[in-house]
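Chemist: Got a predicted model here, sequence first, then my questions.
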Amino acid sequence: MLTRLNPGYHRALRDAATGLVARLRGTVRAAAGARGAEDEGGPAATPVDGPAAPALTLWDLGCGSGLSTEALLQATGPGVRIVGLDASEGMLAQARGKDWPPGVSFVHAVAQDLPEVADRELAGPADGAFAAYLMRNVPEHQRDAVVRAIGDQVRPGGWVALQDYHVKGDRVASAVWTLVCWGVVMPLAVAVRGNPTIYRYLWRSVLDNDSTAELTGRLTRAGFTDVSWSTAGGWQRGILHTVLARRPG
């Protein structure tokens, strides 16, 4: 219901996916260009986007019903390999019920199982990983390990994009979030579904989620570099954030 009530939800996913792919295209093209220069003994040709752009392999962690997977497909175009992972069989059933091109698959697992899933699903590290609204659902004491696991399953030079609500330490953002949840979302949930329990969890989980500084610390401890943050516009400014980070290599 929240995705339908929030007109910026899909746009934020697309923006994050586009930012991730733009960075990956740059690093993939740079590596391909360097190899071309070595092979030809001269300067590398300038790579181009479109059909000639190298195909990517991506993780979609916490993929849910596939909305983030759709955003990745829009950003990459054909030929991409995407493995979506989610802990909810119900959400995965919705994702699998959609029409996907070859190369897109879904796995029922929690993020903590990523190393084992990677051994089964991919022949090596992916180019990048996208995780929307995942980390706040990971127990706090396991978040460092999950961030490290994500980094381990991305190739050197690859990128990750994490998108979620972060309000801890920001009194204005916390107040706006609470007002939206209790003044809009939960009354509508009662009217439409009769049970707002899941939205109470959503409200509380966002308040308890890492601050942007705390998540930056986790990324840094896991060895990521070039960490950059952006926030959404409208009522979500200062509430919905996207962080991009690179695995050195």
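Modeler: Everything's here; your move. For clarity, every value in this text was computed on a predicted model and none was experimentally measured.
Chemist: what's the single longest strand in the protein?
Modeler: Looking across the chain with DSSP state E, the single longest strand is strand 154-165.
Chemist: Give me the next element, helix or strand, following it.
Modeler: Sequence-wise, the next helix or strand downstream of strand 154-165 (DSSP states H and E) is helix 171-180.
Chemist: Can you tell me which helices and strands that following helix packs against?
Modeler: Packing contacts for helix 171-180, counted by 3 or more CB pairs under 8 Å, 6 or more residues apart in numbering; DSSP states H and E, involve helix 197-208. Bear in mind the C-beta positions are built from the backbone N, C-alpha and C, glycine included.
Chemist: what angle do the helix or strand that comes right after the helix it packs on and strand 154-165 make?
Modeler: For helix 197-208, the following helix or strand on the C-terminal side (DSSP H and E) is helix 212-221. On the basis of axes from the mean of the first three to the mean of the last three CA atoms, to 10 degrees, helix 212-221 is oriented at 170 degrees to strand 154-165.
Chemist: May I see the buried residues of whichever strand or helix holds Gly90?
Modeler: Under the criterion of DSSP H and E, Gly90 resides in helix 89-96. Burial within helix 89-96, assessed by neighbour count using 16 or more other CB atoms under 10 Å, is assigned to Met91, Leu92, Ala95.
Chemist: For that helix, what is the distance to the chain centroid?
Modeler: The chain centroid and the centroid of helix 89-96 are separated by 18 Å under CA atoms, centre = their mean, to the nearest Å.
Chemist: And stretch 121-132, what's buried?
Modeler: Along stretch 121-132, these residues count as buried under the neighbour rule (16+ other CB under 10 Å): Glu121, Pro125, Ala126, Asp127, Gly128, Ala129, Phe130, Ala131, Ala132.
Chemist: what do you get for stretch 178-190?
Modeler: Quick answer for stretch 178-190 (16+ other CB under 10 Å): Val180, Cys181, Val185, Met186, Leu188, Ala189.
Chemist: In this structure Thr212 contacts Val167, no?
Modeler: No: in this structure, Thr212 is not within contact of Val167 by CB atoms under 8 Å, at 9.5 Å.
Chemist: higher neighbour count, these two?
Modeler: Val167 (23 against 20; other CB atoms under 10 Å).
Chemist: Could you measure from the more buried one over to Ser88?
Modeler: Counting by CB to CB, to the nearest Å, the separation of Val167 from Ser88 is 24 Å.
Chemist: Now do the strands in this protein.
Modeler: Using DSSP E, the strands found in the chain span residues 57-61, 81-86, 104-108, 126-132, 154-165, 225-231, 240-246.
Chemist: Tabulate those (a markdown table), appending distance to Arg171 and mean pLDDT.
Modeler: Formatted as a markdown table, the strands of the chain follow (distance: least, CB to CB, whole Å; pLDDT from 0 to 100):
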| stretch | distance to Arg171 | mean pLDDT |
| --- | --- | --- |
| strand 57-61 | 30 | 98 |
| strand 81-86 | 33 | 97 |
| strand 104-108 | 39 | 97 |
| strand 126-132 | 25 | 98 |
| strand 154-165 | 15 | 98 |
| strand 225-231 | 16 | 97 |
| strand 240-246 | 16 | 98 |
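Chemist: Highest mean neighbour count out of those?
Modeler: strand 57-61 (a mean of 27; mean count of other CB atoms under 10 Å).
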